[in-house]
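> here is the input, now give the coordinates:
(one chain, ligands or ions: 2)
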Amino acid sequence: MVSSSCFETTLNLPSLDLSKPLQPSSLSSLSEACHQWGFFNIVNHGISRDLFENIKSFSNQLFDLPTEAKLKLGPSSSIKTYTPHFIASPYFESFRVSGQDFRSSAQDSVDVVFDNNRHEFGETLEEYGKKMTELAKKIMKIALMVLGDGFDTRFYDSDFKNCHGYLRINRYSRPTNLEDKTTVEGLGMHTDMSCITIVYQEEIGGLQVKSKKEGRWMDIVPSEGTLVVNIGDLLQAWSNDKLVSSEHRVVLRKPVNRLSIAFFWCFEDEKVILAPNEVAGNEDTRLYQPFVCLDYLKFRESNEEGKFEKVGFTVKDFVADDTKNCLQKSMT
Ligand SMILES: O=C(O)CCC(=O)C(=O)O
Ligand SMILES: [Fe+2]
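Ligands and ions are numbered 1, 2, ... in the order given. Got it, this is the predicted structure:
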């Protein structure tokens with residue numbers, strides 16, 4: 001899975017072909033990737049190149065607006081859909097579109113910053129949001145199959161049917177100080193707070209995952225028509241660490257802008273996360289006491305280091321910090 005030269009280490013993740021019935025051999029390579037890296041690729045996912053290109057072109061129009069216009073969308077305005085430069089990094093800015101009504105979420109923001117009606121923005125993001133939702137449900141079931149035979153039918157409805165998704169469109173501006181460095185960090189090391197995340201990255205690449213063994217950064221090389229899926233903290237906890245939420249980051253190597261679209265598939269806020277016995281084994285092998293999803297999200301938000309932008313804190317730090325975890329205390 002790994003190839004390396006003296007300059008870089010490249011990770012060739014398995015690609016799951018969603019147009020074909022799932023074969024035992026693809027399930028086993030997927031299982032290895034989910035346990036070792038928490039990342040895999042999907043191809044033939046049914047999302048056309050045109051749809052990505054449309055979103056890219058609309059998004060670039062939005063990001064190209066003057067800063068004062070974009071700040072009408074956050075973070076200090078009532079609409080909090082925009083994260084400006086210098087929060088995550090000097091190069092990173094992002095625009096959030098919430099589900100389930102992706103159309104109104106996107107359109108409400110766009111109407112604030114553009115004078116003329118631009119219905120296409122809402123329509124395009126609605127189409128993307130809906131397709132991503134279907135994709136996330138499919139992938140969630142496959143992730144459950146990785147955990148055990150028949151676990152998709154056993155656990156999907158009981159634990160995952162109220163999951164919801166949101167989108168973040170990220171733009172990284174061209175790095176200015178590449179002369180003295182070979183790479184510039186566009187988004188620092190973090191883990192995702194989702195169950196799963198589905199990412200579209202442009203051909204220039206830059207997404208990296210940290211290897212658990214040597215702590216080395218590995219490049220996730222983009223390829224046309226491929227989407228990257230990664231396991232988030234909440235599924236790691238639910239699966240008792242059988243599926244791993246890996247630390248990842250984005251590096252910028254070329255003097256060009258980079259755009260990515262991340263779709264986060266998450267548990268509902270009030271969900272109590274508890275690995276079923278079939279997954280966790282007995283009480284001695286259970287790694288996480290039950291906790292409420294929202295308490296974890298708040299823990300990440302209230303920790304400067306734990307914010308998605310700066311990160312370092314993960315679900316492991318949360319369970320270690322039992323002063324913050326009331327449910328954990330009350331149930332133990
Ligand atoms: O920009 C990317 O390729 C990945 C972004 C990411 O990791 C995130 O938004 O959580
Ligand atoms: Fe991420």
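> and the most centrally placed residue in the chain, which of the three is it?
Closest residue to the average C-alpha location of the chain: T197 at 3.3 Å, with Cα atoms, centre = their mean. What DSSP: H, G, I helix; E, B strand; the rest coil gives for T197 is strand.
> bridging residues for it?
N230, F264 (DSSP bridges).
> look up the pLDDT of it for me, please.
For T197, the pLDDT comes out at 98.
> touching the strand or helix carrying D152 from outside, list them.
Using DSSP states H and E, D152 maps to helix 151-155. Contact with helix 151-155 is made by 141-142, 144-145, 148, 276, 278-279, as judged by Cβ atoms under 8 Å, 6 or more residues apart in numbering. Quick note: C-beta positions are derived from backbone N, CA and C, even for glycine.
> can you name the residue of the stretch 151-300 of the chain nearest ligand 1?
Nearest to ligand 1 in the stretch 151-300 of the chain, going by Cβ to the nearest ligand atom, is S260, at a distance of 3.2 Å.
> how about the stretch 1-150 of the chain?
For the stretch 1-150 of the chain, Cβ to the nearest ligand atom, closest residue to ligand 1: S94, 7.3 Å.
> would you confirm that that residue contacts I169?
Yes. Contact criterion Cβ atoms under 8 Å: S94 and I169 qualify, at 6.4 Å.
> please name every helix or strand in contact with the longest helix belonging to the chain.
Longest helix in the chain by number of residues, with DSSP state H as the criterion: helix 119-147. Applying 3 or more Cβ pairs under 8 Å, 6 or more residues apart in numbering; DSSP states H and E, one finds that helix 119-147 contacts helix 24-36, helix 49-63, helix 102-113, helix 151-155, strand 164-172, strand 196-201, strand 227-231, strand 258-266.
> between the ones you listed, which one is closest to T133.
strand 164-172 (5.4 Å; Cβ to Cβ).
> shaky segments in this structure?
1-8, 303-315, 318-332 (pLDDT under 70).
> what does it have sitting close to ligand 1?
168, 170, 187, 192, 199, 201, 207, 248, 250, 260, 262 (Cβ under 6 Å from any ligand atom).
> tabulate the residues you listed (a markdown table), appending neighbour count.
Formatted as a markdown table, these follow (neighbours: other Cβ atoms under 10 Å):
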| residue | neighbour count |
| --- | --- |
| R168 | 18 |
| N170 | 23 |
| L187 | 24 |
| D192 | 26 |
| V199 | 22 |
| Q201 | 21 |
| L207 | 22 |
| H248 | 26 |
| V250 | 26 |
| S260 | 22 |
| A262 | 21 |
